[in-house]
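Trainee: Show me how the following folds:
(chains A, B and C)
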Amino acid sequence: MNEVTYQRTAFIAMMVFFIVAPAFIYPVFLMKALCFALFACAFNLLIGFGGLLSFGHAMFLGMAGYAAAYTAKAGVNLTIPFTGMGIFLPPFSTELAILAGVLASTVLGYLAGLLAIRRQGIYFAMVTLALAQMVFFFCVQAPFTGGEDGIQAVPRGRFLGMLDLNQMMNLYWVVLGIFTAGFLLIFRIINSPFGQVLKAIRENEARATSLGYRTDHYKLLAFVLSAGLAGLAGATKAIVFQLASLTDVHWSMSGEVVLMTLLGGLGTIFGPVLGAFIIIAMQNYLAELGAWVTIVQGVIFVVCVLAFRRGIVGELEAWLQRRRRG
Amino acid sequence: MRMKLKALAAAAALALSGGAHAQISGNVVKIGVMNDQSGTYADLAGPGSVEAAKMAVEDFRAKDKSLNVEVVFADHQNKADVGSQIARKWYDADGVDVIVDVPTSSVVLAVNQITREKGKALIVSTGATSDLTGKACSPNSVHWTYDTWQLANGTGSAIVKTGGDSWFFLTADYAFGHALERDTEAVVIKNGGKVLGKVRHPFPSSDFSSFLLQAQSSKAKVIGLANAGADTTNAIKQAAEFGIVKGGQSLAGLLVFITDVKSLGLDKAQGLVLSETFYWDLNDQTRAFAKRFSERMKGLHPSMGHAGVYAGVLHYLKAVAALKSDDGTKVVAKMKELPTDDPLFGKGSIRADGRKIHPSYLFEVKKPSESKGPWDFYKLRATVPAEQAFRPMEQGDCPLVKK
Amino acid sequence: MSEIFGVPTQALFGQLLIGLINGSFYALLSLGLAVIFGLLNIINFTHGAQYMMGAFAAYFLAQKLGLGYWWSLILVPLIVGASGIVIERLMISRLYKLDHLYGLLLTFGIALIIQGAFRHQFGSSGLPYAIPKELEGGQNLGFMFLPNYRAWVIVASLAVCIGTWFVIERTKLGAYLRAATENPTLVQAFGVNVPRMITLTYGFGVALAALAGVMAAPIYQVNPLMGADLIIVVFAVVVIGGMGSILGSVLTGFALGVVEGLTKVFFPEASNTVIFVIMAIVLMIRPQGLFGQR
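Mentor: Numbering: from 1, shown residues only, chains lettered A, B, ... in the order given. Prediction:
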C-alpha cells in the first residue's frame, strides 16, 4: 500500500476508534488521552520534524491551562500600573477561555523560543528545561495560579453558547473535535513547504543555510506553533478536569510527553497519539501501585533508547516499507 | 370485594414505589478512603485510616447485617489533580458512595466540590481547613475530627494567655497552612498579642534553615509552625540544630499528631503544647480501640485522624441503614439528624453546616522520665467543652445556615 | 542592631552563610556533572538519583552495619561509584556513536527507575540521619549561631573541589583525560586505554554525587526525591558556568548559592527563580557560559 493510502487508512481507523470508544470506555479517561495525544503531537512537531528536543514543553501545557482556567472562572482583572486604568472582563465563555489559553502559550513560546533557539542539541534541551523550571516557580508564587491549591472549580460552561458541557457526551464530542482540528493542522504543517524546509534543517542545518534559508526564523516559527498547539491541549484539559494545577507545569510532565512521543515513534504522524494512549492507560491501570508507574516509565525510556528508537509506529512503518520493497 | 382488591393493589403499588426510592446503589455501600499513603501524611492517616474504616464496618455489621459494605482506598499523593481524578473515577465508574479521610486541604476542597456536583457524600477526618464548614460548606459533606479554627483557639489562645504574645509564623504554602495561619493570627490579636512576621515555605519542604533564621532574627517570643506532618517534625529538629529554643524562643506546633511526637522522640518533643480531639489513653473505650488497632497495625497507635475515620464511617452506616438508601445528600442530612454515639468521641452531634461537635483537649508532651511506656506521651492540661471548641455557626459564612 | 540596605546584619550574614552551604552542594554536584560531560559528552540526568543513593547508602551503612558518618564518607562514593560503572558499561557505552540527546534520555529513564524504586520501597517522607557526634553543636558567631556540621560542609566541599580541579588540570592523569576529550582516537593510538578511562571517569563523577549525598544526609532528610528538583538547578549552574569547564562549575556553584541566599533576604519570592533568570541573561550575552570555550 502506498503512503497516502496508509495515512488515510490509519486516520480513519483512529477516528472510528474514538467515535465508538465512549460506549465501552470511561469517557473522562478518553478525553484525558485525547488531550495528551494532542500535546504529544505538538511536541513531535518540534522534535520529530524540526529535530529540536524541548525538555520543557510542560510550561506551555500548564500556562495555557492556568490562563484558560482563570479566564473561565474569573474573567480578567488587570490594573495597568501608573495609569489607574485597567482591563476588566467578566468570566469568559468556554471557547474564549480556551483561546486565551492558546494565546498565553503562544506568547510564552515566542519569548522562550527567542532565548532557546540560540543554542542547539543538548544545550537547547537544557535551556528549555531551565526556562520551564522558571515558569514552574513563577506559577508556585503567582497569586492567580493558587499555588499548591491550583485553580479549582473551573466552570465547563456552554460551548459556543449552545452545547452544555456539563453533559459528559457533549464535552466528549467537543474535545474530540478540538483534537481532530489540531491533528489535521499539524498534518497540514508537516506537508507544507514550511514543513519541508523544517525537515531539511533537521537533516543538515548548514546546508539549509547555504541554500539561503534563514534557519533561525524557521526554527522559531516551529517552536511557536508547537507551543500554541500544546497550549490548546492544556487549555482543553483544564476545562475537562475543571482544575489547573502545578502538576501541569512540573518538569516530570515535560518528561512524560517525551516518553509518549518516543514510545509511539518520533517523527511519525500517528506515533504520538498511540504513545499518549498507552502511557495514560498504563498510568490508569497501575495507579494503585503508586511508584510503579514511575519505574515502568523509566524502563520504557531505557528500552526505547537502547533498542527501540523508532517507537511502535516507527517500527510498524519500517516494516511496511520493507514489505513494499519486496 | 372489588374495593378491597383495589385497595390492596393501591397499597401494593405504593409500597413498591416507596421501595424503589429507598435503594442501595449496586446493592453495596462502597466506601472510598482517600489519603496520602506514602508521603508527608502517611503516618497520621495513610494505611491506618483504611484499617480504621474496616474496623468500623466490622463493628457495624456485628450488630446490623442489613447492608453489604466494601472498603476501597487510593493514594492522592497530596495533589489536587490526582485527588480530583480519583474522586471522579470513583463516583462515575466505580460506584463509590462516600469518600472519607482526605488530608491536605487543597485536595479536600477539590473533592468537596466534586462530591457536591455528583450528589455523593464526603466525611472529612484528617483534612483541616475550617473553610469546609465556612464558605465552602456543602450539604454533601461532614467535617469530623478537627479543624484549623479549633486548633487556633485551643493551642493558640492557651499560648498567648501564658505570655507568648509576639508571634512569627512559619507557614506551609497551601490552603491548610494559610487557613491555620489566618485563624491563629486572629486569635493572637484578639487576645492582645502581635504578629511580627510571616514566611511561607514550599509544601513539602526538607530544609528550613533560611526560614528559621528569619524567625530567629524577628525576635518573636513564639514561632508558630502552621504546617503538619513531616514539615513540622523537620522544622522542630532543625530549630534544635540552630539553637532556637536555647536562644529563648519557643516553638508552637499548631497541628501535631501523636505520630509526629513518636517520630520526634520525647527528648525533642517534651514540653510541646498541642490540641487534639482524641487520645488513645483517655478512657477504657479508647484504650480498647487502641489495643485492637495497634494489633492490626504492627504497634502503631491511632491518631485522631484514624479515630475520626472510624467514628465517621460508623455514623454514616447507621444513617444509611436508617434511610435504606445511599443517596449522598439524603444520608448526610440523616447524619445531621441522628445524634452521634461512638466509643471514641462519646456522644455528640453534627451541625447544619456539617461540623461535628465534640470536646477538644489541650495536651502537653511528657518528659521522657514521666512516660511509663511506648506511646505514653501526653498529660491532659485542659478540656474545652464541645460548644466552645468550634467556631460558632453564625461566624462561618456558610450559605447553608439560615441567619 | 546594625543594618545594611535596611536589612539587619544578622539576617544578612546568616542567609549568606546558608547560601554558601547550599552553594557547596551546587558546586560538588556541578563538578561531577562537568567532569562527566567534559569527557563523555553526556548530560548525566541520573546525577540527582545517584546523589540520593549516596544519602541512602549512608543511612543503610549506619542502620545495618553500624558504620558511622566517617566510614560512609569513604565507602559510599566507592559503592555508588561502582554502580555507576555498571550502568556505564551496560547501557551508556552503547550510545556513544549516536546523537548525544539519546544519552540524556537514557540517563533520564534510569533516574526515573531509581527514584521510583526507592519511592516504592521507602515512601516519600524522609528517613532520619543523625549529625555525627564530633560535629554536633555550633559556634555563636555573634551575628548568628553557626552549627558545626554546616561549617564542615563548606570546608569539605571546597577541599574536594580544589582537589579534583588540581588532579584534572595539573597532573599527568588529568592531562591524559583532557587529551582524550579532545581527540580520543589519537590518545588511544598512544596506548592509553580510552574506554577504561571513560568508564572510570563516569564512576568518579557518580562518586562525587554520592559524596554530596552523604554530606547532605544529616541536614536534608534522606528521602527518595531529594535529588529530583536539585538536579535541575545544578543543570542551570553548569550552563552558566560553561558546560565542560571544571573551574567554571565550581566557582559558579558557590557564587550562585550566595546569590540565592542574598535573594532570600532582599526579594524572597524570587529566590527559586533567580538562578534561572541569571541563566537566561548569561545565555543572551555569552551563550557558551561564563568560563566555557566556544
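Trainee: For the residue in chain C that chain B sits nearest to, give me its contacts.
Mentor: Among the residues of chain C, C:Gly123 lies nearest to chain B; the distance is 3.7 Å by Cβ to the nearest Cβ. C-beta here means a position set from N, CA and C on the backbone, and glycine is covered the same way. Neighbouring residues of C:Gly123 by Cβ atoms under 8 Å, 6 or more residues apart in numbering or on different chains: B:37-39, B:42, C:224.
Trainee: Now for A:Leu99, how many residues are close by?
Mentor: 18 (other Cβ atoms under 10 Å in any protein chain shown).
Trainee: part of a helix, is it?
Mentor: Yes: counting by DSSP: H, G, I helix; E, B strand; the rest coil, A:Leu99 is part of a helix.
Trainee: continuing past the helix or strand hosting A:Ala72, what's the next helix or strand?
Mentor: A:Ala72 is part of helix A:58-74, with elements assigned from DSSP states H and E. Using DSSP H and E, the helix or strand that follows helix A:58-74 in sequence is strand A:76-80.
Trainee: if I look at B:Ala186, how far off is B:Thr148?
Mentor: Distance, B:Ala186 to B:Thr148, by Cβ to Cβ, to the nearest Å: 11 Å.
Trainee: between these two, which one's more packed in?
Mentor: A side-by-side neighbour count of B:Ala186 and B:Thr148, using other Cβ under 10 Å, places B:Thr148 first with 28 against 14.
Trainee: Chain B contacts on the stretch 101-250 of chain C?
Mentor: C:119, C:123-126, C:128, C:131, C:138, C:140, C:144-145, C:147, C:149-150, C:219-221, C:223, C:226 (Cβ under 8 Å from any Cβ of the partner chain).
Trainee: Let's see the ChimeraX selection covering just the buried ones among these.
Mentor: If you want just the buried ones from those in ChimeraX, going by 16 or more other Cβ atoms under 10 Å in any protein chain shown, the selection is:
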select /C:119,123,124,125,126,131,138,144,145,147,149,150,219,220,221,223,226
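Trainee: Looking at the residues of the stretch 101-250 of chain C next to chain B, which are in strands?
Mentor: C:138, C:140, C:145, C:147 (DSSP state E).
Trainee: How far away from the center of its chain is the helix holding A:Ala72?
Mentor: 14 Å (Cα atoms, centre = their mean, to the nearest Å).
Trainee: Stretch A:194-203 too?
Mentor: For stretch A:194-203, the distance to the chain centre is 21 Å (Cα atoms, centre = their mean).
Trainee: Briefly note if that stretch comes near chain C.
Mentor: No: shown here: stretch A:194-203 not in contact with chain C (Cβ under 8 Å from any Cβ), separated by at least 11.4 Å.
Trainee: Can you say which helix or strand has residue 317 in it?
Mentor: Assuming you mean chain A. Using DSSP H and E, A:Glu317 falls in helix A:311-325.
Trainee: that's the other chain; I wanted chain B
Mentor: helix B:304-323.
Trainee: right, and the helix or strand after that helix?
Mentor: Taking DSSP H and E, what comes next after helix B:304-323 is helix B:328-337.
Trainee: And that following helix, what's buried?
Mentor: The neighbour-count check on helix B:328-337 (16+ other Cβ under 10 Å) flags B:328, B:330-336 as buried.
Trainee: Also stretch B:46-64?
Mentor: Buried, per 16+ other Cβ under 10 Å, within stretch B:46-64: B:46-57, B:59-60.
Trainee: which among the residues you listed are in contact with chain A?
Mentor: Among the buried residues of stretch B:46-64, no residue sits close to chain A (Cβ under 8 Å from any Cβ).
Trainee: Check whether B:Val71 sits in a helix, strand or coil.
Mentor: On the basis of three-state DSSP, B:Val71 is classed as strand.
Trainee: pretty sure it contacts B:Met55?
Mentor: No: taking contacts as Cβ atoms under 8 Å, B:Val71 lies outside contact range of B:Met55: 10.1 Å.
Trainee: returning to what we had before: narrow the buried residues of stretch B:46-64 to those in strands?
Mentor: Among the buried residues of stretch B:46-64, the subset assigned to strands under DSSP E is empty.
Trainee: thinking again about what came up before, now the helix holding B:Leu317: buried residues?
Mentor: Across helix B:304-323, burial judged by 16+ other Cβ under 10 Å covers B:304-321, B:323.
Trainee: Verify the stated contact: C:Ala117 with A:Gly290.
Mentor: No: using Cβ under 8 Å, C:Ala117 is not in contact with A:Gly290, being 11.6 Å away.
Trainee: and the worst-scoring helix or strand of chain A on mean pLDDT with helix A:58-74, angle?
Mentor: Every helix and strand in chain A was compared by mean pLDDT, DSSP states H and E; the lowest is strand A:76-80, with a mean of 78. Here strand A:76-80 points in a direction 100 degrees away from that of helix A:58-74 (axes from the mean of the first three to the mean of the last three Cα atoms, to 10 degrees).
Trainee: now strand A:76-80: how far from the chain's centre is it?
Mentor: Centre-to-centre, strand A:76-80 and its host chain are 29 Å apart (Cα atoms, centre = their mean).
Trainee: same thing with stretch C:122-135?
Mentor: Counting by Cα atoms, centre = their mean, stretch C:122-135 comes out at 19 Å from the chain centroid.
Trainee: and it, C-alpha only, in PDB?
Mentor: Only the C-alpha atoms of stretch C:122-135 are listed here, as PDB (Å, rounded to 0.1, in the frame of the first residue of the first chain):
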ATOM      1  CA  PHE C 122      10.500   3.900  51.400                       C
ATOM      2  CA  GLY C 123       7.600   6.300  50.700                       C
ATOM      3  CA  SER C 124       8.400   9.900  50.100                       C
ATOM      4  CA  SER C 125       8.800  11.400  53.600                       C
ATOM      5  CA  GLY C 126      12.200  11.400  55.000                       C
ATOM      6  CA  LEU C 127      14.300   9.000  57.000                       C
ATOM      7  CA  PRO C 128      16.400  10.500  59.800                       C
ATOM      8  CA  TYR C 129      20.200  10.500  59.800                       C
ATOM      9  CA  ALA C 130      22.000  11.900  62.700                       C
ATOM     10  CA  ILE C 131      24.700  14.500  62.600                       C
ATOM     11  CA  PRO C 132      27.900  12.900  63.700                       C
ATOM     12  CA  LYS C 133      28.800  13.400  67.300                       C
ATOM     13  CA  GLU C 134      32.100  15.100  66.600                       C
ATOM     14  CA  LEU C 135      30.300  17.800  64.600                       C
END
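Trainee: So is the longest helix anywhere in chain A next to chain B?
Mentor: Longest helix of chain A, by residue count under DSSP state H: helix A:215-241. Yes: using Cβ under 8 Å from any Cβ, helix A:215-241 reaches chain B at A:Phe241.
Trainee: Heading C-terminal from that helix, find the next helix or strand.
Mentor: helix A:251-264.
Trainee: pLDDT at residue 270, what is it?
Mentor: You didn't say which chain, so I picked chain A. According to the prediction, A:Phe270 has pLDDT 93.
Trainee: ah, I was thinking of chain C
Mentor: Predicted confidence (pLDDT) for C:Ala270: 77.
Trainee: what sits against it?
Mentor: Taking Cβ under 8 Å, 6+ apart as the criterion, C:Ala270 is in contact with C:263, C:277.
Trainee: In which helix or strand does the residue of the stretch 51-200 of chain C found nearest chain A reside?
Mentor: Closest to chain A within the stretch 51-200 of chain C is C:Gly109: 2.7 Å, counting by Cβ to the nearest Cβ. Following DSSP H and E, the helix or strand that holds C:Gly109 is helix C:100-122.
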